[in-house]
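Peer 1: When you get a sec, could you give me coordinates for this:
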Amino acid sequence: MPEVLPIASDHAGFALKGRLLDELRVLGFAPLDLGTHSAASTDYPDYAHDVAGRVERGEAARGILICGTGLGMSYAANRHPGVRAAVAWSAEVARLSRQHNDANILILPARFLDDEAALGVLHTWLATSFDGGRHAARVAAIDAVIA
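Peer 2: Here you go, the predicted structure:
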């Protein structure tokens, strides 16, 4: 059974979200498109809370968000206990977000990535696992503050 990945964007990330949905299907994932469904102006917190809430409740192991800079989505998503949403603008940042921080939500800054770069970030993030070890205590310390 393919992994369900909730994915959402605001208006600034709408076009890139469409490209990522196609790629996720090709890679064998089951993307759950939570909106937005047009390029009309919308409020990013609604979409961030929907995806982050699903990860927080254990309905999905990880998710993807897209907005103009990635910052607004990260502010909202990281309010949820157990969520570690990382803005990644390069494959290296995506890799480190998974290896060192066990990021469970990838946030892409659509205004600063072309499709090719965004796909590289996505592929790296999906393929990288958490290193654990010394990093596990740090992740636990992040989550302890929220608890």
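
Peer 1: element containing the spatially most central residue of the chain?
Peer 2: Central residue of the chain (C-alpha atoms, centre = their mean): L106, 2.2 Å from the mean position. Using DSSP states H and E, the element containing L106 is strand 105-109.

Peer 1: Please name every helix or strand in contact with that strand.
Peer 2: Counting contacts by 3 or more C-beta pairs under 8 Å, 6 or more residues apart in numbering; DSSP states H and E, strand 105-109 packs against helix 44-56, strand 63-67, helix 71-77, strand 85-87, helix 115-127. For every residue, glycine as well, the C-beta is placed using N, CA and C.

Peer 1: Deepest in the core, which of the ones you listed is it.
Peer 2: strand 63-67 (a mean of 29; mean count of other C-beta atoms under 10 Å).

Peer 1: Pull the number of nearby residues for S129.
Peer 2: Neighbourhood size, S129 [other C-beta atoms under 10 Å]: 8.

Peer 1: when you give positions from now on, start the count at 664
Peer 2: Noted, 664 is the first residue going forward, which turns the last one into S792.

Peer 1: Next, the contact list for it, please.
Peer 2: Listed by C-beta atoms under 8 Å, 6 or more residues apart in numbering, the contact set of S792 reads 761-762.

Peer 1: And the pLDDT at it?
Peer 2: Per-residue pLDDT puts S792 at 97.

Peer 1: would you say it is within a strand?
Peer 2: No. Applying DSSP: H, G, I helix; E, B strand; the rest coil, one finds S792 to be coil, outside a strand.

Peer 1: mind listing what H674 touches?
Peer 2: Contacts of H674 (C-beta under 8 Å, 6+ apart): 699, 701-705.

Peer 1: what about 7 Å?
Peer 2: Neighbouring residues of H674 by C-beta atoms under 7 Å, 6 or more residues apart in numbering: 699, 702-705.
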